[in-house]
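Undergrad: one predicted model, sequence on top.
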Amino acid sequence: MAGGIIHLYATILAFLASGYVAALITFIAPFFAELYWIVVIWSQTGVFWHGLTIASIAYFVLCIMAIIASVSAASAPD
């Protein structure tokens, strides 16, 4: 759910920055589009810690934590 919201936010940013075609390409390519728009926003504003960056990094860390927890739960003895 959170990943979808972040992706929708990136799609809206793409639409506001470059129009329908950019929004469509962003919608089709989720992970790479977020990375692209983080770099674009960073280069245009000079601000790395934008809302999209913070949300994307938080979601990435959450996914890594979930993977570590599931691997450790699967390898724990019963």
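TA: Yes, it's here.
Undergrad: which helix runs longest in the protein?
TA: helix 51-75 (DSSP state H).
Undergrad: for it, name the packing helices and strands.
TA: helix 2-18, helix 30-45 (3 or more Cβ pairs under 8 Å, 6 or more residues apart in numbering; DSSP states H and E). Backbone N, C-alpha and C define where each C-beta goes, glycine included.
Undergrad: tell me which residues of that helix come out buried.
TA: Under the neighbour-count criterion of 16 or more other Cβ atoms under 10 Å, helix 51-75 has L52, T53, A55, S56, Y59 buried.
Undergrad: what angle separates that helix from helix 2-18?
TA: 160 degrees (axes from the mean of the first three to the mean of the last three Cα atoms, to 10 degrees).
Undergrad: returning to what we had before: now render the helices and strands packed on helix 51-75 as CSV, adding mean neighbour count and mean pLDDT.
TA: Shown next, in CSV, are those (neighbours: other Cβ atoms under 10 Å; pLDDT from 0 to 100):
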stretch, mean neighbour count, mean pLDDT
helix 2-18, 16, 94
helix 30-45, 15, 94
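Undergrad: select, out of those helices, the one closest to S70.
TA: Nearest to S70, of all those, is helix 2-18, at 16.8 Å by Cβ to Cβ.
Undergrad: C-terminal to that closest one, what's the next element?
TA: Using DSSP states H and E, the helix or strand that follows helix 2-18 in sequence is helix 20-28.
Undergrad: may I have the residues that are in contact with V71?
TA: For V71, no contacting residues are found, by Cβ atoms under 8 Å, 6 or more residues apart in numbering.
Undergrad: before we move on, the earlier item: now find how far off-centre the longest helix of the chain is within its chain.
TA: Here helix 51-75 is found 12 Å from its chain centre; the criterion is Cα atoms, centre = their mean, to the nearest Å.
Undergrad: now do the contacts for the residue sitting nearest the centre point of the chain.
TA: Nearest to the geometric centre of the chain sits S56, at 3.7 Å (Cα atoms, centre = their mean). The contact partners of S56, by Cβ under 8 Å, 6+ apart, come to I6, E34, I38.
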